[in-house]
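Novice: Build me a structure from this.
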Amino acid sequence: MAAGKLRILQVMRAPVGGLFRHVADLTKWLNEHGHDVGLVVDSLANDAQTESRLEALSAHASLGVHRIAMPRVLGRGDLNAPLAVRRLAQSLSIDILHGHGAKGGFYARLARLGRSTISAFYTPHGGVLHFPRSSASGRLFHLLERRLMAQTSAIIFESAYAQTTYSALIGKPACPTEIIHNGLQAEEFQAVQADEDASDFVFVGELRELKGIFVLIEALDGLRRPDGQPATLVMAGDGPAHAALVSAIEQRGLTGQIELAGSQPARSMFARGRIAVVPSLAESLPYIVLEAAAAQLPVIATHVGGIPEIFGPTAANLVPAGNAEALRAAMQAALADPATARSEMHTRLDYIRERFSSDTMASQIEALYQRGSRKTYP
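Specialist: Numbering: from 1, shown residues only. Coordinates of the predicted model:
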């Protein structure tokens, strides 16, 4: 079978965060290389930037952007969504369904049932890997994963951590698998200059407990600059824990030290903080670590998921997740010795520049599509 033009449908629930960044980069690359791509997203889940992002991406999605109700938790709506994806795939003569995240992965593979001409690929992006076996939700998600294995052409893991964790929780995949790291575009490796009034630290991410936001504000409490002034933090993002975060900041008396900037593009926020902090309790391979490092900010992050794969030779400096005292010590050290923090940043920058390219990421996924496609060419 010779390689040729494919008709591809990318399926995800919430078009936000690193998952959407991954899908957007992949969609643009595939479009530029002659493939037809469509997107399926939840009709409800979004943030302040979602509409503008989808509008910008629609120029690269020749098969359109389609909205289907996708409940956040398992429910009756999960019976309707895969049928809607199935009908859409049939009407668009799709060759490849690619599901992203737990829900996107379920819908893409369920939609493929009985459709021998369609191949279904799946990238977890953390998702199902964050549910422990001990929880009822975890047991149900893991059971669904095992049942859907026969409908999976290949699983694409964005980190070695994700591949190992999937096998430990669900079992060794019966389908082909491949590790393909997320990547950045060449222009993202330009340094971002800090504003004169930049905060000491910057956080960019979804406002939910899994991102370690409450550990972060606990770590900031009592943290001081070398001149004795309280350290400052700007936080960009939105999410279900927004109200609880505001309350926690007020209770700790940190209102004057923490600015909540709302949902903002990551790169614009890097000018508003001198040191990036990623205090996540769980991750797969977060773009924000790559983006902050490429923008040439020192990065303080937790030892979770695939972050050690990004930190490479500087992984020994990662801090344990959920430990406010250890996070505070790392933040204090970066304030006290900025020269060492920047030296570590340059070591990490060289490592990432050589290994994390969006072109490499997309070309490897395209090659996997071609190998797994059931389409024949004249």
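Novice: where does the spatially closest residue to Ala108 that is not a sequence neighbour sit relative to Phe141, distance-wise?
Specialist: Nearest residue to Ala108, sequence neighbours excluded (Cβ to Cβ, 6 or more residues apart in numbering): Gly99, at 3.0 Å. In this view, the C-beta of every residue, glycine as well, is placed from N, C-alpha and C. Using Cβ to Cβ, to the nearest Å, Gly99 is found at 14 Å from Phe141.
Novice: ok, the helix or strand encompassing the residue nearest to Ala108: who's next to it in the sheet?
Specialist: According to DSSP states H and E, Gly99 maps onto strand 96-100. Sheet pairing of strand 96-100 (DSSP bridges) gives strand 7-11 (parallel), strand 119-123 (parallel).
Novice: shouldn't Leu281 be in contact with Leu210?
Specialist: Yes - the criterion here is Cβ atoms under 8 Å, and Leu281 meets it with Leu210 at 5.4 Å.
Novice: what residues are up against Ala102?
Specialist: 124, 127-128, 141 (Cβ atoms under 8 Å, 6 or more residues apart in numbering).
Novice: Using CSV, lay out these together with pLDDT and secondary structure.
Specialist: Listed next are those as CSV, based on pLDDT from 0 to 100; DSSP: H, G, I helix; E, B strand; the rest coil:
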residue, pLDDT, secondary structure
Pro124, 92, coil
Gly127, 80, helix
Val128, 83, helix
Phe141, 84, helix
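Novice: Need phi/psi at the closest residue to Ile180 other than its chain neighbours.
Specialist: Take Ile180 and drop its neighbours on the chain: the residue closest to it by Cβ to Cβ, 6+ apart is Gln364, 4.8 Å away. For Gln364, the backbone dihedrals (degrees, to the nearest 10) come out as phi -70, psi -40.
Novice: Likewise for Ile179?
Specialist: Dihedral angles for Ile179 - degrees, to the nearest 10 - are phi -90, psi 120.
Novice: Also the one 3 residues further on?
Specialist: Dihedral pair for Asn182: phi -60, psi 160, per degrees, to the nearest 10.
Novice: I figured it was touching Gly17, is that so?
Specialist: No - at 11.9 Å, Asn182 does not count as touching Gly17 under the criterion of Cβ under 8 Å.
Novice: can you list residues touching both of the two?
Specialist: Common contact partners of Asn182 and Gly17 (Cβ under 8 Å, 6+ apart): Tyr287.
Novice: who's more crowded, the two?
Specialist: More crowded of Asn182 and Gly17, by other Cβ atoms under 10 Å: Asn182, with 26 against 21.
Novice: Now do the contacts for that one.
Specialist: Residues in contact with Asn182, defined by Cβ under 8 Å, 6+ apart, are 18, 22, 158, 285, 287, 290, 356, 358, 361.
Novice: my read: the residue nearest to Ile180 touches Gly183, true?
Specialist: No - counting by Cβ under 8 Å, Gln364 does not reach Gly183; the two are 9.5 Å apart.
Novice: In the stretch 251-378 of the chain, mark out all the helices, start to finish.
Specialist: Taking DSSP state H, counting those that start in this stretch to define them, one finds helices in the stretch 251-378 of the chain at 266-269, 287-294, 307-311, 324-336, 338-355, 358-372.
Novice: Deepest-packed of those, please.
Specialist: Neighbour counts (mean count of other Cβ atoms under 10 Å) averaged over each of those peak at helix 287-294, with a mean of 25.
Novice: for it, packing partners?
Specialist: Under the contact criterion of 3 or more Cβ pairs under 8 Å, 6 or more residues apart in numbering; DSSP states H and E, helix 287-294 touches helix 17-32, helix 266-269, strand 273-278, strand 299-301, helix 307-311, helix 338-355.
Novice: sorry, back to before: tell me the bridge partners for the residue nearest to Ala108.
Specialist: Val11, Tyr122.
Novice: Quickly note the distance from the residue nearest to Ile180 to His100.
Specialist: The gap separating Gln364 from His100 is 16 Å, by Cβ to Cβ.
Novice: measure the residue nearest to Leu297 when sequence neighbours are not counted to Ala241 for me?
Specialist: Take Leu297 and drop its neighbours on the chain: the residue closest to it by Cβ to Cβ, 6+ apart is Ala276, 4.6 Å away. When distance is defined by Cβ to Cβ, Ala276 is 20 Å away from Ala241.
Novice: How about Leu210?
Specialist: To Ala241, Leu210 is 9 Å away according to Cβ to Cβ.
Novice: isn't the residue nearest to Ala108 right up against Pro124?
Specialist: No - look at Gly99 against Pro124 with Cβ under 8 Å: they stay out of range, at 9.4 Å.
Novice: Which residue of these two possesses the greater neighbour count?
Specialist: Relative neighbour count places Gly99 above the other of Gly99 and Pro124, with 32 against 27, counting by other Cβ under 10 Å.
Novice: Who has more neighbours out of Leu210 and Ala241?
Specialist: Ala241 (19 against 16).
Novice: Figure out the helix or strand that the residue nearest to Phe131 when sequence neighbours are not counted lives in.
Specialist: With Cβ to Cβ, 6+ apart as the criterion, Phe131 has its nearest non-adjacent residue at 3.5 Å, and that residue is Gly138. Element membership for Gly138 (DSSP H and E) is helix 136-148.
Novice: and the helix or strand following that helix, how far from the chain's centre?
Specialist: As assigned by DSSP H and E, the chain's next helix or strand after helix 136-148 is strand 154-157. Offset of strand 154-157 from its chain centre (Cα atoms, centre = their mean, to the nearest Å): 15 Å.
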